[in-house]
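>>> Sequence first, then the predicted structure:
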Amino acid sequence: MDNGKPTTIVIFGASGDLTKRKLVPALFELANEGLLPKQTKIVGFARREKSHEQFRNEMQDGILQFARSKPQAGAKALADFLPGLYYHAGTYDDQESYAGLGRLLQELDGKNGGPANNRLFYLSTPPTLFFPIIARLGDAELIANVYDEEIWTRVIIEKPFGRDLESARKLNRDILSVLDESQVYRIDHYLGKETVQNIMAFRFGNSIFEPLWNRRYIDHVQITVGEAVSVGSRAGYYDRSGAVRDMVQNHILQLVALVGMEPPASFAGNAVRDEKVKVLSALRPIDANQIDQFAVRGQYTAGKIGDEFVPDYLHESGVNADSKTETYAALKLHLDNWRWSGVPFYVRSGKALAKRITEITIQFRQPPLVLFGHGDHEGHVEGDHMQPNRLSLRVQPNESIRLQFGLKVPGSRMMLQPNEMEFCYSDVFHTEPPEAYERLILDAILGETTLFIRDDEVDAAWRYVDTILNAWQEDTSTPPSIYGAGSWGPEAVDNLLAKDGRKWATL
Ligand code: BG6
């Protein structure tokens, strides 16, 4: 496939982990599958001096270790890909570095037969550098006019996008003083995951579920994003962030938006994002006086995940000894709109948990009248209620979709037992899905904005999240609830549902 005119991709933050583990391996896969525009060049930009050759060698290591197709050293695909990599050492806030970058880009345009190529700038740097880089690029005249029909410039911006509503708004204002919104691609890598995209396919590509997808049939929704890793080497960053900023503001609220949105008029970027932003704007702000009814924060103490010992969060290097940063957050959300009024969304995410799992559970209402008994085939009966119908979308790992329903247990009594119908991606498709970054980088090259976050989505998400963060900040008396590393999180998280007569699904 030829995806358009020659394009040069510049990665700022080229010495970082993300570049080596994710971005360059993703570009390699795209090149290998013939999905990149012809003559694509990739330029790494970072502070450290190094030659093009050194950069190629480092990136080769990254590809050998992390690329999905697991190429061998010396493979033809690698030999074809590596010469297209270049390196430019520069200081992020020094205009001269950008003049130098401009000269290199011109030289590369020349190799491609000139004139200027399309340019995709990928900002994989600390967030304080996002705007300084964009401003310098603008001053160096490296950003094509948005009305230019011959070439385009697009900028992918990594997370975190702001640390609260005010800083996110300022960042948006600053960025949009140089770029047009249509040139800005704010990334949330969850949207690049196959199973996350499948939420939309599943809802809007089938006719049987959508009629049930509302307050009349759904009792509540649960979203769990559990991680079995501790904060480890990212402790310094994490302690200034916490689970709500790191996972809820972006990934989890995006999942809420996809589950909660109205059908878009088309799959075009703005049509989908218009619907998502309506959901995010319908999130009911949390009243600081009632924070305990809607939110639980936790922090892990020492424990074991599998065989690995994890130290107390407060002993991780880079963490403040009296830190109150939450490594776990559980929230009860309400969407105040026609479809979801009265249907709570319970969401939770934490580090250092028993296992890595991301799952969305849609729990349907019970039938209006209990006609049957329930139990297992030996007649054991549990609790007062039948198990409800549940639809579970497993985002990762072991990607699957499961539907739980009651079936008659064979025998003379009319007894029901819950069973599952299950679809597993790996059984059906027999191939590994592409990495999120492959899809997202390709979409940015193609100008597809559907899977990127628009400025008003960022705003709406922070508007809600700020109410939680502010309430927690004001509440200096209650420390985060403690949970042992390798457990399922603090007990208080179960109470969040128990007081509504509900339970977390067993994962
Ligand atoms: C990142 C967070 O955005 O997502 C990390 O900053 C987290 O803290 C990661 O570990 C989780 O991503 P995934 O794809 O492993 O679920």
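That came through fine. Residues are numbered from 1 along each chain as shown.
>>> would you list every one of the helices in the stretch 401-507 of the chain?
Remark: helices of the stretch 401-507 of the chain, listed N- to C-terminal, are 425-429, 436-446, 455-474, 492-498; assignment by DSSP state H, counting those that start in this stretch.
>>> What of the stretch 101-250 of the chain?
When secondary structure is read from DSSP H, counting those that start in this stretch, the stretch 101-250 of the chain shows helices at 130-139, 165-175, 194-204, 235-239, 243.
>>> contact partners of the helix or strand following the shortest one?
Same thing as helix 243. Using DSSP states H and E, the helix or strand that follows helix 243 towards the C-terminus is helix 253-260. Under the contact criterion C-beta atoms under 8 Å, 6 or more residues apart in numbering, helix 253-260 has outside partners 188, 190-191, 196, 199-200, 221, 223, 225, 276-277, 279-280, 282-283, 333, 335, 339-340, 345, 347, 360, 362, 395, 453, 457, 461, 464-465. Any C-beta I mention is one placed from the backbone N, CA and C, and that applies to glycine too.
>>> For this protein, list the residues in contact with the ligand, please.
With the criterion set to C-beta under 6 Å from any ligand atom, the chain comes near the ligand through 159, 227, 246.
>>> And those residues, which of them are buried?
Buried members of those, counted by 16 or more other C-beta atoms under 10 Å: 159, 227, 246.
>>> same question for stretch 410-427, mean pLDDT?
The average of the pLDDT scores along stretch 410-427 is 90.
>>> From the chain's centroid, how far away is that stretch?
32 Å (C-alpha atoms, centre = their mean, to the nearest Å).
>>> Tell me which residues of it come out buried.
Residues of stretch 410-427 classed as buried under the neighbour-count rule (16+ other C-beta under 10 Å) are 415-417, 425.
>>> count of neighbours near the residue in the stretch 401-507 of the chain positioned nearest to the ligand?
Closest to the ligand within the stretch 401-507 of the chain is A436: 6.9 Å, counting by C-beta to the nearest ligand atom. By other C-beta atoms under 10 Å, the residues close to A436 number 21.
>>> Not including adjacent chain positions, what is the nearest residue to it?
The shortest distance from A436 to any residue that is not its chain neighbour, by C-beta to C-beta, 6 or more residues apart in numbering, is 2.9 Å, and that residue is G192.
>>> check contacts around that neighbour.
For G192, the residues meeting the contact criterion (C-beta under 8 Å, 6+ apart) are 435-440, 451.
>>> That one and A73, how far apart?
Shown here: G192 relative to A73, a distance of 28 Å by C-beta to C-beta, to the nearest Å.
>>> likewise D287?
Taking C-beta to C-beta as the measure, D287 and A73 are separated by 59 Å.
>>> ok, now T449?
Applying C-beta to C-beta, one obtains 37 Å for the distance of T449 from A73.
>>> Neighbour count for these two, which is higher?
The residue with more neighbours, out of T449 and A73 and counting by other C-beta under 10 Å, is T449; that gives 21 against 9.
>>> ok, back up a step: TSV for the helices of the stretch 101-250 of the chain, including mean pLDDT and mean neighbour count?
Listed next are the helices of the stretch 101-250 of the chain as TSV, based on pLDDT from 0 to 100; neighbours: other C-beta atoms under 10 Å:
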stretch	mean pLDDT	mean neighbour count
helix 130-139	98	19
helix 165-175	98	17
helix 194-204	95	18
helix 235-239	94	17
helix 243	98	26
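>>> which one of these lies closest to D307?
The minimum distance between D307 and these falls on helix 235-239, with 21.4 Å, by C-beta to C-beta.
>>> Give the next helix or strand downstream of that closest one.
The element immediately downstream of helix 235-239 (helix or strand, assigned by DSSP H and E) is helix 243.
>>> Would you pull up how far that next one lies from the middle of the chain?
Averaged over its C-alpha atoms, helix 243 has a centre that lies 13 Å from its chain's centre (C-alpha atoms, centre = their mean).
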